[in-house]
Each structure stands twice: as C-alpha cells, then as structure tokens.
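**Q** Show me how the following folds:
(one chain, ligands or ions: 1)
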Amino acid sequence: MSVLIRNAEVADHTGLDVRIDGTTITEVGRHLTWQRGDEVLDAGGGALLPGFQDHHIHLLGVAAARSSINVGPREVRDRAGLARLLRQASLAAPAGTWLRAVGYHESVAGMLDRHVLDGIVPDRPIRLQHRSGVLWVLNSVALERTGLAGSVAAGFERDEHGSPTGRLWHLDEWLRGAVPAEPDLAGALGRISIELAALGVTGFTDATPMRESDLAFLAATLEAAGVPQSVYAMSQPKLSPSDASGLALGPVKVRLDDAGLPGLHELADLIRLSHSEGRAVAIHCVGRVQCILALGALESAGTPPKGSGLRDRLEHATIVPHELMETARHLGLVIVSQPQMLCERGDRYLEDVDVDDLSALYPLHSLVSSGVPVAFGSDAPYGAADPWAAIRGAMNRQTDSGRTVGATERLGFHQALRGLLGWPDRPDLPRQIDRDAPADLVLLREPLEEVSRCPVPEAVAATIARGHLVYRCANR
Ligand SMILES: [Zn+2]
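**A** Take a look at the predicted model:
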C-alpha cells in the first residue's frame with residue numbers, strides 16, 4: 001500500500017509531501033507526483049511527526065485492566081465506596097466467575113487482607129491489585145480456588161498464627177498459572193491498540209520482565225489481536241532474540257524492591273552479564289535508595305561495550321538526587337519517566353513524600369540541563385496510556401487539584417515532545433522523517449506551533465503504523 005501525504009509541515013519546513021511505500025518512507029519533497037494506487041492524505045499544513053513511542057507499558061496488563069474494576073483513589077474514597085463498587089460488580093458478573101480489581105491504594109481504606117475482602121464479597125473469588133503492581137490481595141474463596149492456601153512461596157504472606165493473610169507480594173508470574181486467563185484478552189488488546197493509534201501511538205516498549213513463555217504468549221496475543229503498532233519487549237536475562245517469538249528484544253528488565261534489595265555487587269554482576277549478552281539493562285528505580293543503588297551498580301559494572309550502541313536505562317526514576325546527575329550523564333543513561341503521574345498521583349505525593357525528596361521528584365528539566373536524556377513511557381495500566389497527558393504533565397506539572405509539583409522541573413513543549421519521538425532501542429535519539437525511515441507517523445491537524453498551545457489528543461488527524469493508515473479522524 002502506498003500513501004501520499006500532501007502539504008505537511010515537517011521539521012519546520014512547510015508545504016512538504018511525503019510518500020510511503022510498504023513500511024518505509026520513500027520520498028520527501030515538494031510537489032511529488034501522484035502515482036497509481038497512492039492513497040492521498042491532505043495534511044492541510046498540519047505537522048507530520050514520527051509516531052509516538054510509549055517507552056514503558058505493560059500491554060497484557062492494560063488489556064486485563066479493561067475487564068477489571070478500578071478501585072483507585074480517583075474512583076473510590078473510602079471503605080464504603082470500595083464495598084459498593086465491588087458488590088455492584090459482583091451482582092453483574094456471572095455466578096462463580098472471578099472478579100479482578102486494580103489500582104488500589106491504602107489511602108482508600110487501609111491495608112486490605114482476605115478478611116476485609118470476605119466481608120465485602122464472600123461468595124466468589126476476587127483478587128485486588130495494589131496500584132504499585134507488587135501486591136495482590138485475594139479473598140478466602142480465591143485462595144481456595146487457586147489451591148495455593150498451603151503455599152510456602154516467598155511473598156505468600158501469613159499472620160502470626162501461620163494463617164494466610166491473602167496478600168501475595170511479587171507473585172504475579174506464579175499467580176498467572178493459578179487463576180483462569182482473562183476472557184478475550186486479545187479482543188481487549190485489539191480495541192486498546194486502536195484507541196491508542198487515535199492518540200498517535202505507533203510503537204510500544206513492553207517493560208514486563210518476561211520469560212521465554214511470556215514472550216511467546218504476548219506474541220500470540222498481539223497476533224490474535226491484530227495490533228498494528230510495533231512492539232519492543234523487555235525480558236529477564238539469559239534470553240536471546242531467537243527466544244523472543246519474533247518480537248524485537250529490548251533491554252533486560254531489572255526490578256528492584258525495597259523489601260529485598262540486591263547487594264551492589266550482585267546487581268553489578270547482573271548488569272555485566274547482560275552487557276556480555278549484548279543487551280542493555282532497564283532498572284526499575286523508585287525512590288532515593290533504589291536510585292543510589294542502581295547508579296552505584298551501573299558505575300561498578302561499567303558502560304556497555306563501545307560501538308554496541310546500547311544505552312542502559314532507569315525506569316521511573318521518581319527521585320534522582322542532584323549530586324548523581326553527573327554520574328548518570330557520564331554513564332550515558334536514559335531516564336524513562338512518567339510525567340503524567342504528577343497529575344494522577346501528585347496530590348498524594350505532596351502529602352506523602354519527604355520535603356527533601358519533593359524538590360527531586362520526577363525530575364525533568366534538571367536532568368535535561370545536566371545532559372541526561374529523558375524519554376516518556378506511560379507505565380499503563382498503572383498510569384494512563386495517553387501520550388498527550390505525558391506532554392502536559394511535563395509542561396505544567398500540575399496535580400488533579402491544580403497544585404504544582406516542582407515548577408522548576410517543567411519542560412517546554414518541544415522538549416516534552418522529544419520524550420515520545422525516540423527510537424525504541426535509543427529513546428534518547430529522536431527519529432526523523434526522511435527517506436528510508438520507518439513509516440510510523442502521526443499527522444496533526446495544525447502546525448506544531450499551534451498544537452504547542454493546546455497539546456490534546458484532538459490534535460491528531462491521522463496515524464500511520466508500519467505503513468498502514470490505522471487512524472483518520474472523521475472530517476479528514
Ligand atoms: Zn512498569
């Protein structure tokens with residue numbers, strides 16, 4: 001399929017035409033001639049950009065969340081509200097089926113356990129996920145159904161009498177084998193991918209630390225869902241591209257957890273091993289302690305081999321102490337941040353986070369001005385998957401209630417936009433609209449200068465992913 005885009009603004013040049021053939025851009029110039037079979041897209045002077053890359057998302061989690069009940073602080077205020085929502089969902093669901101709730105935070109009704117859930121939904125299995133993604137709480141029926149009640153797995157919490165509390169920490173993979181698969185996961189993923197195409201997203205980096213079997217399952221689900229975007233997948237160490245079921249294999253994902261942090265040498269060894277296998281690392285790094293540990297280990301392990309083109313990454317990087325920014329720069333790190341969280345969770349941060357840490361929370365401008373590149377990922381389903389929310393979050397750093405978190409860390413529109421324009425394997429390098437570049441594009445309704453004044457999803461006129469026109473707004 002070939003597409004001829006007419007009269008677009010491309011990197012500050014107005015009135016350019018762009019031709020796409022197959023999955024690449026074949027021509028960029030003025031007054032290109034129409035060829036038989038070309039589908040014409042009149043840009044009307046709107047900006048044409050490389051399609052947005054979500055540099056950190058959990059695709060299967062997003063699909064599963066679609067059939068889940070959201071019980072986050074934005075949806076429910078207190079225990080009564082939580083109970084009302086869960087009971088309503090229970091009444092609506094077929095008898096005996098599982099309920100899945102997500103997004104919980106203890107500010108709603110404290111730390112939950114199986115007894116609290118039994119009091120709300122006693123007669124069907126329910127599992128409820130903390131919004132951090134590290135904790136599931138199951139009710140008693142759910143524990144029985146999984147056959148896990150006698151488990152001795154680390155993370156399977158018990159009270160002082162040895163009875164299960166229903167809290168399962170870091171047991172996602174294990175739980176996946178014990179609960180029925182979500183019905184129609186592929187259908188949900190297909191619908192979500194089209195919704196995100198309408199926002200201009202043409203590529204995903206799945207940041208789940210997948211094993212070989214998880215990669216195969218993701219690849220099969222993407223195929224069944226007909227997802228038009230390209231997917232770049234992180235995994236556990238000791239995997240090679242041939243294990244990735246045809247997906248492009250990204251960095252080794254390293255999860256840190258305050259409850260059981262690895263030693264510096266252990267973490268450095270893992271980084272060295274990954275580099276020796278030709279892979280960068282992407283270290284989940286939340287809070288000051290994790291940041292200090294990650295940077296110490298990266299410094300001890302050394303940078304990836306010269307000429308490999310690999311760049312190590314810090315994911316989230318909620319706190320980066322100023323004195324460590326120079327270290328991050330000289331290690332060539334890329335920070336993958338979630339500025340939309342400032343809106344979604346900012347009010348809670350302003351209450352919970354140490355005053356000392358508030359000035360360093362989700363740093364953006366200070367990183368960029370220290371020479372540390374910043375890219376954006378949504379971390380959906382734990383945050384909203386809307387790339388425009390990330391742009392606005394970086395620009396205004398405003399919470400739901402309109403307060404500001406760290407005004408000096410704001411980015412301008414163009415700098416914020418760059419966070420979405422990098423290559424999957426080099427989030428720091430913006431893609432360009434050139435001959436032979438991939439045909440992953442987003443066309444905006446207006447020139448960039450106009451869009452910069454009001455960066456909202458409605459700015460998108462059309463989206464092309466891997467050469468296919470996957471979204472076109474109604475009046476184009
Ligand atoms: Zn994540």
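**Q** For the closest residue to residue 64 other than its chain neighbours, which three-state class applies?
**A** Residue nearest to residue 64 in three dimensions, not counting chain neighbours: residue 182, with 4.8 Å by Cβ to Cβ, 6 or more residues apart in numbering. Yep, even glycine has a C-beta here, placed from its N, CA and C like the rest. Secondary structure, DSSP: H, G, I helix; E, B strand; the rest coil: residue 182 is coil.
**Q** Isn't residue 182 up against residue 63?
**A** Yes - using Cβ atoms under 8 Å, residue 182 makes contact with residue 63 at a distance of 7.2 Å.
**Q** list residues touching both of the two?
**A** By Cβ atoms under 8 Å, 6 or more residues apart in numbering, residue 182 and residue 63 have these common neighbours: residue 188.
**Q** More neighbours: which of these two?
**A** Neighbour totals were compared for residue 182 and residue 63, and residue 63 leads with 23 against 18 (other Cβ atoms under 10 Å).
**Q** what about the helix or strand encompassing that one, distance to the chain center?
**A** In this structure, residue 63 sits in helix 59-66 according to DSSP states H and E. Helix 59-66 has its C-alpha centroid displaced from the chain centroid by 11 Å (Cα atoms, centre = their mean, to the nearest Å).
**Q** which residues are in contact with that helix?
**A** For helix 59-66, the external contacting residues (Cβ under 8 Å, 6+ apart) are 100, 102, 133, 182, 185-186, 188-189, 191-192, 204, 206, 208, 217-218, 221-222, 225, 231, 380-382, 385.
**Q** Any part of that helix near the ion?
**A** No - using Cβ under 5 Å from the ion, helix 59-66 stays clear of the ion, coming no nearer than 8.4 Å.
**Q** Now do that helix, average pLDDT.
**A** The average pLDDT within helix 59-66 is 92.
**Q** Next, the buried residues of it.
**A** Residues of helix 59-66 classed as buried: 59-65 (neighbour count, 16 or more other Cβ atoms under 10 Å).
**Q** ok, now stretch 444-451?
**A** For stretch 444-451, burial by neighbour count (16+ other Cβ under 10 Å) applies to 444-448, 451.
**Q** could I have the helix holding residue 63 exported to PDB, CA atoms only?
**A** The C-alpha trace of helix 59-66 is given here as PDB (Å, rounded to 0.1, in the frame of the first residue of the first chain):
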ATOM      1  CA  LEU A  59       0.400  -4.400  27.300                       C
ATOM      2  CA  LEU A  60      -1.200  -7.500  28.700                       C
ATOM      3  CA  GLY A  61      -1.800  -5.700  32.000                       C
ATOM      4  CA  VAL A  62      -3.500  -2.900  30.000                       C
ATOM      5  CA  ALA A  63      -5.800  -5.500  28.300                       C
ATOM      6  CA  ALA A  64      -6.600  -7.300  31.600                       C
ATOM      7  CA  ALA A  65      -7.300  -3.900  33.300                       C
ATOM      8  CA  ARG A  66     -10.000  -3.400  30.700                       C
END
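**Q** Would you give the sheet partners of whichever helix or strand comes after that helix, along with the direction of each?
**A** On the C-terminal side of helix 59-66, the nearest following helix or strand under DSSP H and E is strand 69-70. Counting by DSSP bridges, the strands paired with strand 69-70 are strand 99-104 (parallel).
**Q** and stretch 21-31, which residues are buried?
**A** For stretch 21-31, a neighbour-count test (16+ other Cβ under 10 Å) marks 21, 25, 28 as buried.
**Q** mind listing which of those residues are in helices?
**A** The helices, defined by DSSP state H, take in nothing from those.
**Q** how about the nearest residue to residue 234, chain neighbours excluded?
**A** Spatial nearest neighbour of residue 234, excluding adjacent residues (Cβ to Cβ, 6+ apart): residue 253 at 4.0 Å.
**Q** follow-up on the earlier one: find me the pLDDT at the residue nearest to residue 64, would you?
**A** 77.
**Q** In contact with it, which residues?
**A** 63-64, 67, 100, 188.
**Q** What's the separation between it and residue 197?
**A** Distance of residue 182 to residue 197, computed by Cβ to Cβ, to the nearest Å: 22 Å.
**Q** can you check residue 276 too?
**A** Look at residue 276 and residue 197: by Cβ to Cβ, they are 38 Å apart.
**Q** now do residue 133
**A** The gap separating residue 133 from residue 197 is 25 Å, by Cβ to Cβ.
**Q** can you check residue 42 too?
**A** Computed as Cβ to Cβ, the residue 42 to residue 197 distance reads 20 Å.
**Q** next one: residue 333
**A** Taken as Cβ to Cβ, the span from residue 333 to residue 197 is 30 Å.
**Q** Pull out the buried positions in stretch 68-77.
**A** Using 16+ other Cβ under 10 Å as the test for burial, stretch 68-77 gives 68-69, 71-73, 76.
**Q** now, the most widely separated pair of those residues?
**A** Pairwise distances across these (Cβ to Cβ) peak at 15.9 Å, for the pair 68 and 73.
**Q** Now do whichever strand or helix holds residue 462: everything it contacts.
**A** Take DSSP H and E as the rule and residue 462 turns out to sit in strand 460-465. Where contact means Cβ under 8 Å, 6+ apart, the residues beyond strand 460-465 that reach it are 3, 20, 41, 43, 46, 51, 197-203, 228-230, 439-445, 469-473, 476.
**Q** And that strand, how far out from the chain middle?
**A** 20 Å.
**Q** average pLDDT for the helix or strand following that strand?
**A** Using DSSP H and E, the helix or strand that directly follows strand 460-465 along the chain is strand 468-472. Mean pLDDT, computed over strand 468-472, is 96.
**Q** Now do strand 468-472 against strand 460-465: the angle between them, please.
**A** For strand 468-472 against strand 460-465, the angle by axes from the mean of the first three to the mean of the last three Cα atoms, to 10 degrees is 160 degrees.
**Q** residues in the protein within reach of the ion, list them.
**A** 207, 379.
**Q** right, and the secondary structure at the residue of the stretch 151-300 of the chain found nearest the ion would be what?
**A** The ion sits closest to residue 207 of the stretch 151-300 of the chain, with a gap of 4.6 Å, by Cβ to the ion. Following three-state DSSP, residue 207 is assigned to strand.
**Q** residue ranges for the strands of the stretch 301-450 of the chain, please.
**A** Applying DSSP state E, counting those that start in this stretch to the stretch 301-450 of the chain gives strands spanning 313-316, 334-337, 374-376, 441-444.
**Q** got TSV for those strands, with mean pLDDT too?
**A** Formatted as TSV, the strands of the stretch 301-450 of the chain follow (pLDDT from 0 to 100):
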stretch	mean pLDDT
strand 313-316	98
strand 334-337	98
strand 374-376	98
strand 441-444	98
